[in-house]
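Asks: I would like the atomic coordinates for the input below:
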Amino acid sequence: MVIPGTTGKKNTSLFEGLDIDDPLKKYRGSRIIKVTRKLGEPKTHGATRIPLELAEEVYYAFFVPYPLFKKNLSFDEKDFYYRYIVLTSILESESFRKAKAYTIADPVASTIAAAIFLHNLSLELQKQAGFPGVGDYARKGNQSSISSSEDKGGEPKHLDDKRIRKAVESALNKTVESVKTAKELESFVKSFTSGSSSVMTLEDAVPELVKMAEKSDVRKLLENLSGFDIGKVRFSRVIDRSSKGEIIGLERGTDLERLHHSQLALPEIMFLANFANQDLLLYEKGLPARRGPVYVLLDKSGSMTGKKMIWAKTVAIALFKRSINESRWFMIRFFDSVPYPLYKISPRAKGRDVVRLIDYMVRVKPQGGTDISRAIRTAVQDVLETRQKRLRPGDLVLITDGEDRINPEDIKKTLSKANLNLVSVMIGGDNESLRRASDYYLKAFKLTDKEALKVIYYRRDR
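Replies: Numbering: from 1, shown residues only. So this is what the prediction gives:
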């Protein structure tokens, strides 16, 4: 399937200030085309062929505040005229102006918008042409119409200006909501990694962002997360006191290696008296605490539908942010009557890791029964298989609404093998045996932000 727009000859951009032969611009355009293809191919006519020039210009239209056409444009080539019709239709559209509010000067959002638009345009052109594929456009006809295939009578069909503009407008209408979702998702992901030494541009995650922006479940999750606003959740660093660490405050004592400089100005007799009374002013020092993983076990049984599942996923994502802040591994398993595949992320999480975690969580649907004991044993085995030199204290956060009976003593013994503390969150009920096995037990009934924060900030200063 071929979308017209290139002559095969040396071409120039329709926009002022855009050099489409620049290697960086060509790379950007080729990436947009690659992402567009990943959104899905038509079932007929093979792979979509999108002009590189058009991909570069569509990106430029979304990225630049006020793109301007070059003066005295000539349209000797019909494909050159086609690009002009597409671009003028874009710039004149109200839907384009709505989408542009999320893309100006943002390379990631502009790339996503261009890819989604070109994908939708390809589909719309098929509909406007009146047959399954856009097909091989003929070079015949005048410059105000574009031929595609032939009808049953052998006469060429045309995509005239009106049809092209209609296809562009329809494609933009479908693009706006996806671009908005992608922008919210991009901002959400950045809130996890900004200020971290492991921060990477989200350029590598564009294909995943584009696919997720098209999913209604992602939009629903982001809508619920926006009310909680995880991006504003802040965690204080956990510090272990150490004489060789960084200065974190002042204290009293006799350790001369940490002596505050002001003490050297004291008269000798006062200095000795303070030393004898352990009352010298010292620097307090510490090192960032090293802890084991934050492990989330999330019940996906049939009763965890609707608000329960959304709230539980919100808490899990916030716990992931806490693990990043505390430089800890994050591990999560969903379970019902059986544990599901483990998903884990290192302390040096990248933007793509965050995107994939959210995508993974969105795809999980509630169903099945509940077996808490089996899930806990599996989690303990996961931690033991990490092959840490020393099993540092970790936290196992269990979120469930199940009243499945467990053996508290057996569970405590199992958890001790992996040096895990059990933080249990019971949604809409009570589980006495689970409470007796837990180091921290919380009942959540209203599923509010306040209840979520109690889980997220558990043993914060521990």
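Asks: Only C-alpha atoms from now on, for both contacts and neighbour counts.
Replies: Will do.
Asks: would residue 281 count as being in a strand?
Replies: Yes - the assignment for residue 281 is a strand, going by DSSP: H, G, I helix; E, B strand; the rest coil.
Asks: which parts of the longest helix anywhere in the chain are buried?
Replies: Secondary structure of the chain read by DSSP state H shows that its longest helix is helix 161-193. Using 16 or more other C-alpha atoms under 10 Å as the test for burial, helix 161-193 gives 161, 163-186, 188-193.
Asks: next helix or strand past that helix?
Replies: Beyond helix 161-193 in the direction of the C-terminus, DSSP states H and E gives the next helix or strand as helix 206-213.
Asks: Let me know the average pLDDT across that following helix.
Replies: Here helix 206-213 scores 78 as its mean pLDDT.
Asks: Kindly report the same for stretch 427-435.
Replies: Computed over stretch 427-435, the average pLDDT equals 91.
Asks: and it, how far apart are its ends?
Replies: 13 Å (C-alpha to C-alpha, to the nearest Å).
Asks: And that stretch, how far out from the chain middle?
Replies: Taking the mean C-alpha point of stretch 427-435 and that of its whole chain, the gap between them comes to 33 Å (C-alpha atoms, centre = their mean, to the nearest Å).
Asks: Now do the buried residues in that stretch.
Replies: In stretch 427-435, counting by 16+ other C-alpha under 10 Å, buried: 427, 430-431, 434-435.
Asks: contact partners of that stretch?
Replies: Applying C-alpha atoms under 8 Å, 6 or more residues apart in numbering, the set of residues contacting stretch 427-435 from outside is 308, 399-408, 424, 441, 443-447.
Asks: Beyond the helix or strand containing residue 373, next helix or strand please.
Replies: Here residue 373 is covered by helix 372-384, with elements defined by DSSP H and E. Past helix 372-384, further along toward the C-terminus, the next helix or strand under DSSP H and E is strand 394-400.
Asks: can you state the direction angle for the helix or strand following that next one and helix 372-384?
Replies: Downstream of strand 394-400, the next assigned helix or strand under DSSP H and E is helix 408-417. If you take axes from the mean of the first three to the mean of the last three C-alpha atoms, to 10 degrees, helix 408-417 sits at 10 degrees to helix 372-384.
Asks: Could I get the buried residue list for helix 408-417?
Replies: Applying a neighbour-count criterion of 16+ other C-alpha under 10 Å, the buried positions in helix 408-417 are 408, 411-412, 414-415.
Asks: Restricting to C-alpha, output it in CSV.
Replies: Extracted in CSV, the C-alpha atoms of helix 408-417 (Å, rounded to 0.1, in the frame of the first residue of the first chain):
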residue,chain,number,x,y,z
PRO,A,408,0.4,-17.7,60.7
GLU,A,409,3.4,-19.5,62.2
ASP,A,410,4.2,-21.3,59.0
ILE,A,411,4.0,-18.1,57.0
LYS,A,412,6.2,-16.2,59.5
LYS,A,413,8.8,-19.0,59.3
THR,A,414,8.7,-18.9,55.5
LEU,A,415,9.1,-15.1,55.4
SER,A,416,12.1,-15.2,57.7
LYS,A,417,14.0,-17.3,55.2
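Asks: Contacts made by stretch 443-462 with the rest, please.
Replies: 228, 238, 307-308, 311, 315, 318-319, 322, 425-430, 440, 442.
Asks: That should have said stretch 63-77, apologies.
Replies: Taking C-alpha under 8 Å, 6+ apart as the criterion, the residues outside stretch 63-77 that touch it are 7, 14-16, 60-61, 81, 100, 103-107, 110, 143.
Asks: where in this structure is pLDDT low?
Replies: Along the chain, the parts satisfying pLDDT under 70 run over 1-11, 40-48, 75-79, 128-159, 192-204, 216, 224-240, 287-289, 387-390, 459-462.
Asks: okay, which residue is most central for it?
Replies: Ranked by distance to the mean C-alpha position of the chain (C-alpha atoms, centre = their mean), the top residue is residue 355 at 2.9 Å.
Asks: does that one sit in a helix, a strand or a coil?
Replies: On the basis of three-state DSSP, residue 355 is classed as helix.
Asks: One more: residue 426?
Replies: At residue 426 the chain is in strand, as set by three-state DSSP.
Asks: Pull the number of nearby residues for it.
Replies: Residue 426 sits with 21 neighbouring residues when counted by other C-alpha atoms under 10 Å.
Asks: Was I right to think it contacts residue 372?
Replies: No - between residue 426 and residue 372 there is no contact under C-alpha atoms under 8 Å: 11.9 Å.
Asks: tilt between the helix holding residue 373 and strand 394-400?
Replies: Between the axes of helix 372-384 and strand 394-400, defined by the same axes, to 10 degrees, the angle is 150 degrees.
Asks: and helix 372-384, what does it pack onto?
Replies: Counting contacts by 3 or more C-alpha pairs under 8 Å, 6 or more residues apart in numbering; DSSP states H and E, the secondary-structure elements packed against helix 372-384 are strand 294-299, helix 408-417.
Asks: Where does the residue of the chain positioned farthest from its centre fall, secondary structure wise?
Replies: When each C-alpha in the chain is compared with the mean C-alpha position (C-alpha atoms, centre = their mean), residue 269 comes out farthest, at 62.7 Å. Taking DSSP H and E as the definition, residue 269 sits inside helix 268-276.
Asks: which of the residues in that helix are buried?
Replies: Neighbour-count burial for helix 268-276 flags 271, 274-275 (criterion: 16+ other C-alpha under 10 Å).
Asks: just stretch 366-384 next, same as before
Replies: Counting neighbours by 16+ other C-alpha under 10 Å, one finds that the buried residues in stretch 366-384 are 366-373, 375-376, 378-380, 383.
Asks: Same check on stretch 49-68?
Replies: 50-63, 67.
Asks: got the end-to-end distance for that stretch?
Replies: When the termini of stretch 49-68 are compared using C-alpha to C-alpha, they are 26 Å apart.
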